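Peer 1: Attaching a predicted model along with its sequence, questions to come.
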There are 2 protein chains.
Amino acid sequence: MDLKKTRQKAEIPVPQVLQKELRHVLKPASTSLQKEFPHTYSTPEVRFIEGARERKAQRVGVLFSGGPAAGGHNVIAGLHEGLPKGSILVGFLMGSAGLIENKSRVLSSEEIAAYRNLGGFDQIGTGRTKIETPEQFASSLQTVLHHQLDGLVVIGGDDSNTNAALLADYFIAHNCSTIVVGVPKTIDGDLKNQEIEQSFGFDTACKMYANTIGSLMSDLLSSKKLYFFVKLMGRSASHVTLECALQTHPNLALIAEEIREKKQTLTAVVDQIVDMIVKRASQGKNYGILLIPEGIIEFLHGFDPSTLEKEMKLERDPHGNIQVSKIETERFLIQQVEMALKKRGDYKGTFSPQPIFLGYEARSTYPSLFDSAYCYALGRTAALLVEAGITGVMSVVQWLDRPVAEWQIGGIPLVSMIHHETRKGILKPVIAKALVDLKGAPFRAFETLRAQWIDKDDYRNPGPIQLFGPDEIAWSRTKTLSLSS
Amino acid sequence: MDLKKTRQKAEIPVPQVLQKELRHVLKPASTSLQKEFPHTYSTPEVRFIEGARERKAQRVGVLFSGGPAAGGHNVIAGLHEGLPKGSILVGFLMGSAGLIENKSRVLSSEEIAAYRNLGGFDQIGTGRTKIETPEQFASSLQTVLHHQLDGLVVIGGDDSNTNAALLADYFIAHNCSTIVVGVPKTIDGDLKNQEIEQSFGFDTACKMYANTIGSLMSDLLSSKKLYFFVKLMGRSASHVTLECALQTHPNLALIAEEIREKKQTLTAVVDQIVDMIVKRASQGKNYGILLIPEGIIEFLHGFDPSTLEKEMKLERDPHGNIQVSKIETERFLIQQVEMALKKRGDYKGTFSPQPIFLGYEARSTYPSLFDSAYCYALGRTAALLVEAGITGVMSVVQWLDRPVAEWQIGGIPLVSMIHHETRKGILKPVIAKALVDLKGAPFRAFETLRAQWIDKDDYRNPGPIQLFGPDEIAWSRTKTLSLSS
């Protein structure tokens, strides 16, 4: 039996609370968003306690939205298995587009079993379409009415859950009783707050990247001649880079939030890298490894991309704007460092840089045991929230640093996460991206350690994700989670 | 206990034969290389049978040569533990340079234990220095005399083992009794013949790459919008690409040996890719994945790099030659495909290519259980060969597709692998690189399957390397090995 089949059949541990008969209780809550969310601004918080409840079959829709994250299929499995007997689960295809265009398929037990514990969002696909125009909202309403849905579960990141909040309000405004439940997904780890301890997919992605980074480190120490410039996914927040740094101890890791806070310029960042290279060279070390979040360029103080237009062959978009996101950050930094090194008269070492991009592979790989169980619990909780009939809430599973048995569940109002942000010049109500907190425990731990990483090679390799073996290894948690708890 | 500590302490299974008391027997052999190897052209083959032998402590040197490959540290562990009590093991630092310059360290049991089952060659480092000049041979001789070595174990690929063969002959010619033993290392898998079933590191590297490729495939099916152009290590031979193709079933995999055999031009290869893209687009599939061996450009029929000099910003080396190896193959092919697609009037699909390079990370990652045990057995066998006192032989472990207990061991003459090849214009005796055999079982299996991979998405993900769990998973063998056996 190969790994795929073994994982498909593997039992998923379930929190003790989910093994009991539960009924929901509400904790009143409110926000000042009465104008933007007239029907849901005072959505209550949902908790579950032991008790009998009446059960009736539900009709539920589910969709993925945005980039894949490991564990998504287990949200579907948990949802399916959490719903009362006779319920129907409709999967919308290729993200919100499937909802808008009513492209869907009823998901059978057999089909769900075939994707159990497997990576990717490929069972029903995903997409980046957002529900934005009045027509798109109207079409979505038509779709849920067509399917007579009791509930719609949106598995996505900050933008997708903002969409879920808007849909919840829109449905009530249009006398539609379909309730909307969000599920916190993103490998970037930036959908996070007091209630959401970690988004799903972050654990798996960071572990896969950290294994690659740790392996590159062993390679460095074997040959001692390259500088790896490792770009990691994470356009806005540097959680992935921070977590990987804590797991592997690179010589340098750039954190976008710190660069912004300290108003560091491109020159300052390049100088920091060059200083490290020069210091290491003075000890005979002409090798090293740096971690770079992909979106860092936009955080540089006073950075003017037009100065790079020719140099980096940057394209302009149809509006004539330079597309900073097209810059390959790791290659750009290598080029800048090479130029800066030439200007250092005192530098005698060699510099053989190698750009590395760690990205897509970790979004859809086999979920870690943690993400498998976490996602299944998120799905089961989403099913309970649908049955509870409370719209505009996010499925949450908490106490994630403890054993699965002790995990707690609940639903928190999506509106409680909404703040106002200027998007394309317009002030909009959106779920805030959680950036790295420079006063938080993970960053502080990094800050304490990093000085010695510059020239002491304190490299670590956590190894490949293990789906069997000792709990300490197979069930390890991210440093970000452990340190924050 | 984390993975590193767990692996350091993990028991390594040993072939049954190595648990017995053994004595060596010789099988006479000869070659026509009397001129090039006057003292070793008729090195015998070495086998071991049960029997008592006299044991005396040995002084042995060991070095890594060339790129790292997972498992190397276990060769050292096996060698150390296979030698008689009181033996001394000297590690030469950073490859053959350590031998030439006499940079070394006596390796203690404690130190060896700390690297047990870990990836990389970082215990003593490696390098690409070859022993070529008379001065380098003389220095190497001085070093082994200085250390009074009974044996020198060279862990390396084809070139390094050619060096080992030359050293063995040179030592005898200079009345030096140090015997030389080679160990077959290379992730490229091109040090292979009837006796060497697979070089160490190939298993681990292919498994790590295949997990990344399989994960990219899940990502493709989730979002359905990218074309991954995955470049894989392997400058001359395409074993890695072939093995990864057999494990994952990409839409297309280029095999350098086939391109050469069929005299395919750049245009032909690009057309093949474009045909696939057009065919898939006609089915609504604007996504896909291709595997490309890094050295493929040099195999293209009638390819003139000077036509690309400006386009690809190619540098010339000090001799004025264009450095084809500096071309980033995956990016070059994307560029060529984009140009060719524009010329296809009938093409209406989108094309969003994403270059991916899988390389360094798999050379030094944690060895698979297979490579851990294989390397340990290679080291133990090398120790037996040193004790046997037969110089110019390669440590071999055979029947690798069977359970470890059944593995067979022996020593084969390095000269038996030597042929003549023109290098830099001079005919030289070297160990032949084993290219992909287009009539061999692995390629034939690939040939049978690949037509359906083009438009049927038969993607597979073997998953991350498992160091615990069911034997079928944790102890799986490469397809190349299974099919060849």
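Peer 2: That came through, no problem.

Peer 1: Quick check: phi and psi on the one residue sitting closest to the centre of chain A?
Peer 2: Centroid check for chain A by CA atoms, centre = their mean gives A:T186 as the closest residue, at 1.9 Å. With angles defined as degrees, to the nearest 10, A:T186 sits at phi 170, psi 130.

Peer 1: Provide a list of residues in contact with it.
Peer 2: A:66-67, A:69, A:156-158, A:199, A:201-202 (CB atoms under 8 Å, 6 or more residues apart in numbering or on different chains). The way it works is simple: take the backbone N, C-alpha and C, and place the C-beta from them, glycine included.

Peer 1: Filter these down to the buried ones, PyMOL style.
Peer 2: Of those, the buried ones go into a single PyMOL selection, burial set by 16 or more other CB atoms under 10 Å in any protein chain shown:
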select buried, chain A and resi 66+67+69+156+157+158+199+201+202
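
Peer 1: Quick check: helices, which of the contacts of A:T186 are part of them?
Peer 2: Using DSSP state H to define helices, the subset of the contacts of A:T186 located there is A:158, A:202.

Peer 1: In the stretch 51-200 of chain A, mark out all the helices, start to finish.
Peer 2: Secondary structure of the stretch 51-200 of chain A by DSSP state H, counting those that start in this stretch: the helices cover A:72-82, A:96-100, A:109-115, A:134-146, A:158-173.

Peer 1: For chain A, give me the ranges with low pLDDT.
Peer 2: Along chain A, segments meeting pLDDT under 70 span A:310-313, A:315, A:317-322, A:324-325.

Peer 1: Walk me through the domains of it.
Peer 2: For chain A, automatic domain parsing gives the domain ranges A:3-201+A:367-431, A:204-362+A:437-477.

Peer 1: Can you give me the end-to-end span of the last one?
Peer 2: With CA to CA, to the nearest Å as the measure, the first residue of domain A:204-362+A:437-477 is 10 Å from its last.

Peer 1: Is that domain positioned near chain B?
Peer 2: Yes: Domain A:204-362+A:437-477 is in contact with chain B by CB under 8 Å from any CB of the partner chain, via A:208, A:211-212, A:214-219, A:221-224, A:226, A:228, A:354, A:356-357, A:360-362, A:460-470, A:472-474, A:476.

Peer 1: Okay, and which of those residues map to strands?
Peer 2: Of the residues of domain A:204-362+A:437-477 next to chain B, the ones assigned to strands by DSSP state E are A:228, A:354, A:356-357.

Peer 1: Quick check on the residues you listed: which are buried?
Peer 2: A:228, A:354, A:356-357.

Peer 1: got these as CSV, with distance to B:L369 columns?
Peer 2: Below are these laid out as CSV (distance: CB to CB, whole Å):
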residue, distance to B:L369
A:F228, 27
A:Q354, 29
A:I356, 27
A:F357, 30
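
Peer 1: Residue of the stretch 151-300 of chain A closest to chain B, please.
Peer 2: Closest to chain B within the stretch 151-300 of chain A is A:S218: 3.1 Å, counting by CB to the nearest CB.

Peer 1: Give me the neighbour count for that residue.
Peer 2: A:S218 has 25 neighbours, counted by other CB atoms under 10 Å in any protein chain shown.

Peer 1: Would you enumerate the residues in contact with it?
Peer 2: Contacts of A:S218 (CB under 8 Å, 6+ apart): A:459, A:461, B:68, B:118-120, B:122, B:364-365.

Peer 1: With adjacent residues omitted, what lies nearest to it?
Peer 2: Spatial nearest neighbour of A:S218, chain neighbours left out: B:G120 (3.1 Å); criterion: CB to CB, 6 or more residues apart in numbering or on different chains.

Peer 1: my guess is that neighbour meets A:S223, correct?
Peer 2: No: counting by CB atoms under 8 Å, B:G120 does not reach A:S223; the two are 9.3 Å apart.

Peer 1: Partner strands of the helix or strand in which A:V230 is found and their direction?
Peer 2: A:V230 belongs to strand A:227-232 when assigned by DSSP states H and E. Strand A:227-232 pairs in its sheet with strand A:288-293 (parallel), strand A:353-358 (parallel), by DSSP bridges.

Peer 1: which one of those lies closest to B:H147?
Peer 2: Across the strands paired with strand A:227-232, B:H147 has its closest neighbour in strand A:288-293 (32.7 Å, CB to CB).

Peer 1: State the distance from the nearest residue to A:S223 once chain neighbours are set aside to A:L226.
Peer 2: Closest residue to A:S223 apart from its sequence neighbours, by CB to CB, 6+ apart: B:T126 at 6.0 Å. Note on B:T126: its distance to A:L226, by CB to CB, to the nearest Å, is 13 Å.

Peer 1: Show me which of those two is the more surrounded one.
Peer 2: Set B:T126 next to A:L226 and count neighbours by other CB under 10 Å: B:T126 wins out with 32 against 20.

Peer 1: quick one, what contacts the more buried one?
Peer 2: B:T126 neighbours (CB under 8 Å, 6+ apart): A:222-223, B:63-68, B:94-95.

Peer 1: go with 6 Å
Peer 2: Applying CB atoms under 6 Å, 6 or more residues apart in numbering or on different chains, one finds that B:T126 lies in contact with A:222, B:64, B:68, B:95.

Peer 1: Fine by me, thanks again.
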